[in-house]
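A.B. asks: Sequence first, then the predicted structure, then my questions.
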Amino acid sequence: MEFVSHHTPEPSSLFGDFGGSTVRQADGARTESISMQVLPGIPDIAPGDDLAALLLESIERAALVLQDGDILVIAHKVVSKAEGRITRLADVQPGARARELGLELNKDPRKVEVILGESSRVVRALKRPGQLEGTLIAEHRLGFICANAAVDESNVGAEETVILLPEDPDRSAREICAVLERASGVRLGVVITDTFGRPWRMGLVNVAVGLARVPSQIDLVGERDAFGRELSVTVPALADELAAASGLLMSKDGKTPAILFRGIDWAPDNSSARDLVRPPQEDLFR
């Protein structure tokens, strides 16, 4: 399965030069196309599986050759499964706070206990009249603010089981990237994603929770817009843009957890996905 953005150029110009903050062709001219390719046939992942090796097998199976500047975007669940970040609720003993919140929100207190264990604070807990189960918004220990501290039961593959974010998603991304780079001999980037809701917006999108080499943001301050006006605050979140785009091909029922992006113009960076968390001193709504 492949998605190519609108205005596709000739094949020879599809994958361009990498080194700035826009998509360009090999001759330096702007292009209006990138490619997104599902890596096929990735099996169900179990704790201890070598995910990087399985990704390389998928790339070979698809007759793809990794190229300099390719970016692999990976759903965190396959990373978490490989790292054993899975908890059986039968093994969880909820504490007093988890039991209290579980009763208030009509949530399984064992799941609430896992959520609290992954959280630095509860941001909001609310059950509206008529709601079957309330909402628990928490600040994950890594700084991400999201429902249930990213503790999830979907696509785990077992009942009464929840899956957590990787212990250190940036480290996970770097380790996968290093293996793929050694195998291919080219410079790559890796983004690990999860699906979050957004304040003041309906619906869910994929966001970046782990990065290797890929810049979290591209600072365009001081550059000019199409009419020559100097940009003063424009800082696109490149990693989140890639993550959100990957959601177009990462269907919940499709077992397509890895998407290869080609044609993105970027320069390697030591960013962390945590760079995308707004600092408390800049948070006007905290």
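C.D. replies: That came through, no problem.

A.B. asks: Would you list the phi and psi of the closest residue to H140 other than its chain neighbours?
C.D. replies: Closest residue in space to H140, ignoring its immediate chain neighbours: A149 at 4.7 Å, by CB to CB, 6 or more residues apart in numbering. To be clear about C-beta, it is placed using only N, CA and C from the backbone, and glycine gets the same treatment. Main-chain torsions, A149, degrees, to the nearest 10: phi 50, psi 30.

A.B. asks: Now do the strands in this structure.
C.D. replies: Per DSSP state E, the chain carries strands over the ranges 2-4, 35-38, 71-75, 86-88, 119-126, 135-140, 145-147, 161-163, 189-198, 201-212, 258-262.

A.B. asks: For E175, which of those strands is the nearest?
C.D. replies: Checking these against E175 by CB to CB gives strand 201-212 as the closest, at 8.1 Å.

A.B. asks: Can you list the buried residues in the closest one?
C.D. replies: Residues V205, N206, V207, A208, V209, G210, L211, A212 are the ones in strand 201-212 that count as buried (16 or more other CB atoms under 10 Å).

A.B. asks: can you check stretch 72-92 too?
C.D. replies: Quick answer for stretch 72-92 (16+ other CB under 10 Å): 72-83, 85-87, 89, 92.

A.B. asks: Tell me which residues touch E113, please.
C.D. replies: V92, Q93, P94, G95, A98 (CB atoms under 8 Å, 6 or more residues apart in numbering).

A.B. asks: switch the cut-off to 10 Å
C.D. replies: T87, L89, V92, Q93, P94, G95, R97, A98, R99, L101, G102, V151 (CB atoms under 10 Å, 6 or more residues apart in numbering).

A.B. asks: Okay, the last one and A237: tell me how far apart.
C.D. replies: For V151, the distance to A237 (CB to CB, to the nearest Å) stands at 24 Å.

A.B. asks: The two: which has the busier surroundings?
C.D. replies: Shown here are V151 and A237; by other CB atoms under 10 Å, V151 has more neighbours (24 against 17).

A.B. asks: From what I see, that one and H140 are in contact.
C.D. replies: Yes - between V151 and H140 there is a contact under CB atoms under 10 Å: 9.2 Å.

A.B. asks: Find residues that contact each of these two.
C.D. replies: The contact lists of V151 and H140 share I115, E118, S119, L164, L165, where a contact means CB under 10 Å, 6+ apart.

A.B. asks: wait, what's in contact with the fourth one?
C.D. replies: Shown in contact with L164 (CB under 10 Å, 6+ apart): 76-77, 80, 83-87, 114-115, 117-118, 140, 149-152.

A.B. asks: how about 6 Å then?
C.D. replies: Listed by CB atoms under 6 Å, 6 or more residues apart in numbering, the contact set of L164 reads R85, E118, V151.

A.B. asks: any idea of the pLDDT on it?
C.D. replies: Listed pLDDT for L164 reads 98.

A.B. asks: give me the number of residues near the spatially closest residue to A52 that is not a sequence neighbour?
C.D. replies: Once flanking residues are discounted, A52 sits nearest to V179: 3.8 Å by CB to CB, 6+ apart. Look at V179: counted by other CB under 10 Å, it has 16 neighbours.

A.B. asks: hang on, the earlier thing: so which of the shared contacts of V151 and H140 is the closest to L51?
C.D. replies: The nearest member of these to L51, counting by CB to CB, is L165 at 15.0 Å.

A.B. asks: Next, count neighbours for R224.
C.D. replies: Counted with other CB under 10 Å, R224 comes out at 10.

A.B. asks: returning to that earlier point: of the strands of the chain, which is nearest E57?
C.D. replies: With respect to E57, and counting by CB to CB, the nearest of the strands of the chain is strand 258-262 at 11.5 Å.
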